[in-house]
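Colleague: dropping a prediction and its sequence here:
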Amino acid sequence: MSADQREEVRANAKYLREVRPIDPEEIFEYVDGRPHPAVVRETLRDEAPDLGLVERTDGTFVPVSDDPIAVEFDGVSAFPDEHARDLENLLVEAYGPGWPDGESGDGLRDRIRRFKESYFAGQAVEYDRDTALAYAIYHLADYYAVAQYVLADLARDGLLSHHLRVLDVGAGVGGPALGLADLLPDDALCEYHAIEPSAATEILDSLLEATGRNVHPTIHRTTAEDFELDGEYDLILFANSLSELDDPVGVARRYFDALAPAGSLVGIAPADRETSIGLRQIERALCDSGPATCYGPAVRLWPGHAPTDRGWSFDVKPDFAVPGFQRRLAEAVEDPDDDPEAFVNVDVQFSHTVLRREGRRKTEFIPNPDRTAKMAESDRHVSNRVDLVAAKLSHSLSEGNPLFKVSDGSESADHYAVVTRETGLNRALAEADYGELLAFENVLVLWNDDEDAYNLVVDDETIVDRLA
């Protein structure tokens, strides 16, 4: 289609969008040369992001809604079969139908071992095609699940619009991209931009073909440092990529400046100690000395105070079913000294942060200083009982008495609520969700020399309530 014809299609669409659904079967008659309706449809698809249009199942186009999206999300019990088949097709293309066996299976398992070892050694991983495929086998499904949990929470809070401009920094093989695309309703318009410098883009490009008609992907094969920011984004996603940067704070700060006024920068990291703490350090660098506001899950309840503890905090969700491609690679292990479970990854444990620029926080609550103790002053309360307010920032960390990390955003040392006697009046601590705000009444403050942390003893004299 010529440039003049394209402009005629755009002009017709701009007029009709205010009148009725735009039908390629209708407007082709008003375009010079009467191009085939299929050509008009492809042109409308190309122009849809700029025109603010979504394509309906009947092939017509309508304006995208201005409202936030609503999602129905009950967790991830399994990696979708459609995406699993697409990955297996790539494996068959690369190695043949017997890809889990013989030399190809041994090679994939060896690459999984090596990038896991490199990760825990803090070393960079070089991605060729084979390493990228091995990475997809091991990480595609769990990154998909984590992205869905994090982004579904944003959607529930009304923070994802129907017209969503997304920048996925360090997109990898596409787990977060597929998670986002599957979460969005059919009438959402998503302009998705992926930044990925490695051979993983070949897998990403192929898997993105399964996204809906209203997801418009663009892949930029460059580094986060070299990418030239142009325009504003509603969602900037760093999923398991900040820890790989030489200057994560500087890069995150530069990308934060590209957020739309009501946009969110989302950082996700594995739950291990060093990476999780590293994410929290980036959060604090951008929030506690500006320009960002921490929306959650970490809190700053006391004005003028910011946390300086270690900040190791992570969420845990139920495991999902073992994907078929992981199971086949594990079942093909022949070496008796090799552990098949080393090639299965169905854990959903992650740290995350959401940064905003307009000052909005998930928890808008300021404690009463006359009635509530401040964790910044816990040294004054050791061996005494106090009332305080804190967010629950872990699942139980102990196999004995239930133990939960808690925070009010003022602490300089870790605080853990330990349940020595559960009652109906304090059961809210165990039942609360990750990130939920709790009021503690009559909790005993103790210092734990072994952990360099404060223990808040929850017993039969303690009341714990959930705060809306």
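Modeller: Right, received. Where do you want to start? Only a predicted model underlies this, so the values are computations on that prediction, with no experimental measurement involved.

Colleague: Ala141 falls within a helix, correct?
Modeller: Yes - using DSSP: H, G, I helix; E, B strand; the rest coil, the assignment for Ala141 is a helix.

Colleague: surely it and Gln326 touch.
Modeller: Yes - between Ala141 and Gln326 there is a contact at 7.4 Å, judged by Cβ atoms under 8 Å. The way it works is simple: take the backbone N, C-alpha and C, and place the C-beta from them, glycine included.

Colleague: these two: which is more packed in?
Modeller: Ranked by neighbour count (other Cβ atoms under 10 Å), Ala141 and Gln326 place Ala141 first, with 29 against 23.

Colleague: would you mind measuring from that one to Glu117?
Modeller: The gap separating Ala141 from Glu117 is 21 Å, by Cβ to Cβ, to the nearest Å.

Colleague: with Lys405 instead?
Modeller: From Lys405 over to Glu117 (counting by Cβ to Cβ), the distance is 29 Å.

Colleague: of those two, who's got more company?
Modeller: Comparing Lys405 with Glu117 by other Cβ under 10 Å, the one with more neighbours is Lys405, at 24 against 11.

Colleague: need the pLDDT of that one.
Modeller: pLDDT for Lys405: 98.

Colleague: so which strand or helix has it?
Modeller: For Lys405, the enclosing helix or strand under DSSP states H and E is strand 403-407.

Colleague: ok, Ala210 - contacts?
Modeller: Contacts of Ala210 were listed using Cβ atoms under 8 Å, 6 or more residues apart in numbering, and they are 82-83, 86, 178.

Colleague: try His305
Modeller: Counting by Cβ under 8 Å, 6+ apart, His305 touches 374, 376, 409-410.

Colleague: can you rerun that using 7 Å?
Modeller: Shown in contact with His305 (Cβ atoms under 7 Å, 6 or more residues apart in numbering): 376, 409-410.

Colleague: how about Asp67?
Modeller: Neighbours of Asp67 in contact, by Cβ under 7 Å, 6+ apart: His162.

Colleague: repeat for Pro197
Modeller: For Pro197, the contact set (Cβ under 7 Å, 6+ apart) comprises 221-223.

Colleague: wait, what's in contact with Thr131?
Modeller: So Thr131 contacts 111, 115, 125 (Cβ under 7 Å, 6+ apart).

Colleague: let's see 6 Å
Modeller: Residues near Thr131 by Cβ atoms under 6 Å, 6 or more residues apart in numbering: Arg111.

Colleague: do Ala141 as well
Modeller: Contacts for Ala141 (Cβ under 6 Å, 6+ apart) come out as 79, 323.

Colleague: separation between it and Phe350?
Modeller: As judged by Cβ to Cβ, Ala141 and Phe350 stand 13 Å apart.

Colleague: ok, now Arg284?
Modeller: The spacing between Arg284 and Phe350, counted by Cβ to Cβ, is 18 Å.

Colleague: more neighbours, these two?
Modeller: Between Arg284 and Phe350, Phe350 has the larger neighbour count (other Cβ under 10 Å), namely 25 against 19.

Colleague: now do the SS call for the more buried one.
Modeller: strand.

Colleague: could you do the one 5 residues further on as well?
Modeller: Assigned with three-state DSSP, Leu355 falls in the strand class.

Colleague: do His193 as well
Modeller: The three-state assignment at His193 reads strand, by three-state DSSP.

Colleague: same check, this time on Asp319
Modeller: coil.

Colleague: same question, the one 3 residues further on
Modeller: In the three-state summary, Val322 is assigned as coil, counting by three-state DSSP.

Colleague: equivalent analysis for Pro261, please.
Modeller: Per three-state DSSP, the secondary structure class of Pro261 is strand.

Colleague: what about it, how many residues nearby?
Modeller: By the criterion of other Cβ under 10 Å, Pro261 has 9 neighbours.

Colleague: where does pLDDT dip in the stretch 151-300 of the chain?
Modeller: For the stretch 151-300 of the chain, applying pLDDT under 70 flags no range at all.

Colleague: please enumerate the helices of it.
Modeller: Secondary structure of the stretch 151-300 of the chain, counting by DSSP state H, counting those that start in this stretch: helices at 175-183, 200-207, 248-256, 273-287.

Colleague: who are the packing partners of the longest one?
Modeller: Which is helix 273-287. If you count contacts as 3 or more Cβ pairs under 6 Å, 6 or more residues apart in numbering; DSSP states H and E, helix 273-287 packs onto helix 248-256, strand 259-270, strand 348-356.

Colleague: between the first one and helix 273-287, how many degrees?
Modeller: By that I understand helix 248-256. Per axes from the mean of the first three to the mean of the last three Cα atoms, to 10 degrees, the angle that helix 248-256 makes with helix 273-287 is 50 degrees.

Colleague: which of the contacts of His305 tops the neighbour count?
Modeller: Greatest neighbour count in these, by other Cβ under 10 Å, goes to Ser410: 23 neighbours.

Colleague: so which strand or helix has it?
Modeller: Counting by DSSP H and E, no helix or strand carries Ser410.

Colleague: need the contacts of Pro197 in JSON lines with distance to Gly107 and neighbour count, can you?
Modeller: Output for the contacts of Pro197, formatted as JSON lines (distance: Cβ to Cβ, whole Å; neighbours: other Cβ atoms under 10 Å):
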{"residue": "Arg221", "distance to Gly107": "25", "neighbour count": "15"}
{"residue": "Thr222", "distance to Gly107": "28", "neighbour count": "12"}
{"residue": "Thr223", "distance to Gly107": "27", "neighbour count": "16"}
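
Colleague: just those residues now: which is nearest Asp230?
Modeller: Thr222 (13.0 Å; Cβ to Cβ).

Colleague: domains for the chain, by residue range?
Modeller: Per automatic domain parsing, the domain ranges recorded for the chain read 3-63, 81-356, 375-466.

Colleague: ends of the last one, how far apart?
Modeller: In other words, domain 375-466. End-to-end span of domain 375-466 (Cα to Cα, to the nearest Å): 18 Å.

Colleague: swap in the first one?
Modeller: Between the opening and closing residues of domain 3-63 we find a distance of 23 Å, counting by Cα to Cα.

Colleague: OK, contacts around Tyr138?
Modeller: Tyr138 sits next to 112, 345 when contact means Cβ under 6 Å, 6+ apart.

Colleague: if I look at it, how far off is Val62?
Modeller: To Val62, Tyr138 is 41 Å away according to Cβ to Cβ.
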